[in-house]
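Enquirer: predicted model follows, preceded by the sequence.
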Amino acid sequence: MCKHILNAQVSIRAPCCKRWFDCPECHSENANHELMRTSEMVFACKKCKKTFRKDLTDYEDEDEYCPHCDNHYVVEAKTPKAALGVEGDDARIDNRMIKDDRVKDQAQRSIYTQDNLDERLG
């Protein structure tokens with residue numbers, strides 16, 4: 001899982017070392033060489049776990065979707081934001097204190113809530 005882009009929809013195969021990374025920053029952190037630029041990229045969809053190739057020289061709007069499951073993988077990147085007022089380590093190393101926008105807060109249910117009291121009591 002990428003700590004730079006929270007909503008990464010695909011993994012990218014680096015053409016230089018043939019390893020899979022979620023973003024170029026992950027490649028630069030884990031590899032000891034520069035990322036080689038190419039016009040054809042190999043992607044692995046995180047939804048259906050299938051790989052596909054895209055030629056970036058004639059890239060169009062319909063190429064923003066996985067050809068196997070129609071997952072829209074070209075989305076605006078959500079990057080982690082450090083919480084204010086919380087003292088902690090570097091958020092790029094330990095990101096447990098960063099709120100993840102992908103996880104929705106669930107409304108807490110309790111028998112003591114005062115909502116719809118007349119319906120519950122009869």
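Expert: That came through fine. Numbering: from 1, shown residues only.
Enquirer: so residue 73 touches residue 10, yeah?
Expert: Yes. Using Cβ atoms under 8 Å, residue 73 is in contact with residue 10, at 4.6 Å. (Glycine included, C-beta is placed from N, CA and C.)
Enquirer: report all helices and strands that the helix ranked longest in the chain contacts.
Expert: Longest helix in the chain by number of residues (criterion: DSSP state H): helix 24-30. The contact analysis (3 or more Cβ pairs under 8 Å, 6 or more residues apart in numbering; DSSP states H and E) places helix 24-30 against no helix or strand.
Enquirer: could you give the mean pLDDT of it?
Expert: If you average the pLDDT over helix 24-30, you get 86.
Enquirer: can you give me the strands for the protein?
Expert: Per DSSP state E, the chain carries strands over the ranges 10-13, 20-21, 40-45, 51-55.
Enquirer: what bits of this protein have low per-residue confidence?
Expert: For the chain, the stretches with pLDDT under 70 are 82-122.
Enquirer: quick check: residue 65 touching residue 54?
Expert: No. With contact defined as Cβ under 8 Å, residue 65 does not count as touching residue 54 (10.6 Å).
Enquirer: common neighbours of the two, please.
Expert: Taking Cβ atoms under 8 Å, 6 or more residues apart in numbering as the criterion, residue 65 and residue 54 do not both touch any residue.
Enquirer: these two: who's more crowded?
Expert: The residue with more neighbours, out of residue 65 and residue 54, is residue 54; 17 against 14, by other Cβ atoms under 10 Å.
Enquirer: burial measure for the residue nearest to residue 30 when sequence neighbours are not counted, as a count.
Expert: In space, and not counting its chain neighbours, residue 30 is closest to residue 21: 7.2 Å by Cβ to Cβ, 6 or more residues apart in numbering. Per other Cβ under 10 Å, the neighbour tally for residue 21 reads 20.
Enquirer: surely residue 21 touches residue 12?
Expert: Yes. Counting by Cβ under 8 Å, residue 21 touches residue 12, with 5.9 Å between them.
Enquirer: need the contact list for residue 12.
Expert: Contacts of residue 12 by Cβ under 8 Å, 6+ apart are 20-23, 41-44.
Enquirer: now the two most distant members of the residues you listed.
Expert: Greatest spatial distance among those (Cβ to Cβ): 23 and 42, at 15.0 Å.
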